[in-house]
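*Asks:* Build the 3D model from these lines:
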Amino acid sequence: MNPPANISQLQDLPLPTAVSYWPQTWGWLALLLLLLAVGLGYAGRGLYRWRRNRYRRAALAELSRLALALTEPAQSVAALRQLPELLKRTALSMPKPPDVASCSGQAWQQFLQASSPTRLPDDFAQQLALLAYAPDQQLQRLPTAQIKQLLASSRLWLEQHHVAV
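*Replies:* Residues are numbered from 1 along each chain as shown. Below is the predicted model:
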């Protein structure tokens, strides 16, 4: 039988030697710098795109405000009249604005279709012209389905239109 251990005879275990977190070879340092440069490049590109799409976010916020105003009958005609203006202002606010200030009718329809990756209704520009110039009584009689379709098409164009770089 072994005698009981005496605590005074215990010794501290030696600590392992310290290991530096700094790379030991220049290859790891070069890889770290390369990864840092790529990460900064992606962050810079993301910031550039975020800033470049500021006008798009503002237009989408305005469209949401117009959609909310359409729920109130007293404000619906005024909100409908602002929709074509919103799309035109958005086109003129692009980073490299195309020459659309004087476009109307078929030329406006062609621009909207050319800058949209998805197909817009063939009479979209005509419906926008109707909103801008029709008498108030005619706008008040517009079916709800047509108004929703106009809002959906406008939102689709605002979200997805191409921006020239």
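*Asks:* can you list the weak-confidence ranges in this protein?
*Replies:* Regions of the chain meeting the criterion pLDDT under 70 cover residues 1, 5, 163-165.
*Asks:* what element comes up after the top helix by length along it heading to the C-terminus?
*Replies:* Of all the segments of type helix in the chain, defined by DSSP state H, the longest one is helix 26-52. Downstream of helix 26-52, the next assigned helix or strand under DSSP states H and E is helix 54-69.
*Asks:* elements contacting that following helix?
*Replies:* helix 73-92, helix 144-160 (3 or more C-beta pairs under 8 Å, 6 or more residues apart in numbering; DSSP states H and E). Any C-beta I mention is one placed from the backbone N, CA and C, and that applies to glycine too.
*Asks:* Just the residues contacting the longest one, thanks.
*Replies:* Okay, so that is helix 73-92. Taking contacts as C-beta atoms under 8 Å, 6 or more residues apart in numbering, the residues outside helix 73-92 that touch it are 55-56, 59, 62-63, 66-67, 69-70, 97-98, 100-101, 111-112, 115, 128-129, 131-132, 136, 139-140, 142, 147, 150-151, 154, 157-158, 161.
*Asks:* now do 6 Å
*Replies:* Helix 73-92 has contacts (C-beta atoms under 6 Å, 6 or more residues apart in numbering) with Ala59, Glu62, Leu66, Ala69, Leu70, Val100, Leu128, Leu131, Ala132, Asp136, Leu139.
*Asks:* neighbours of the fifth one, just the number please.
*Replies:* Right, Leu70. 20 (other C-beta atoms under 10 Å).
*Asks:* measure stretch 65-84 end to end?
*Replies:* 14 Å (C-alpha to C-alpha, to the nearest Å).
*Asks:* Would you mark the buried spots in it?
*Replies:* Leu66, Ala67, Ala69, Leu70, Ser76, Val77, Ala79, Leu80, Arg81, Gln82, Leu83, Pro84 (16 or more other C-beta atoms under 10 Å).
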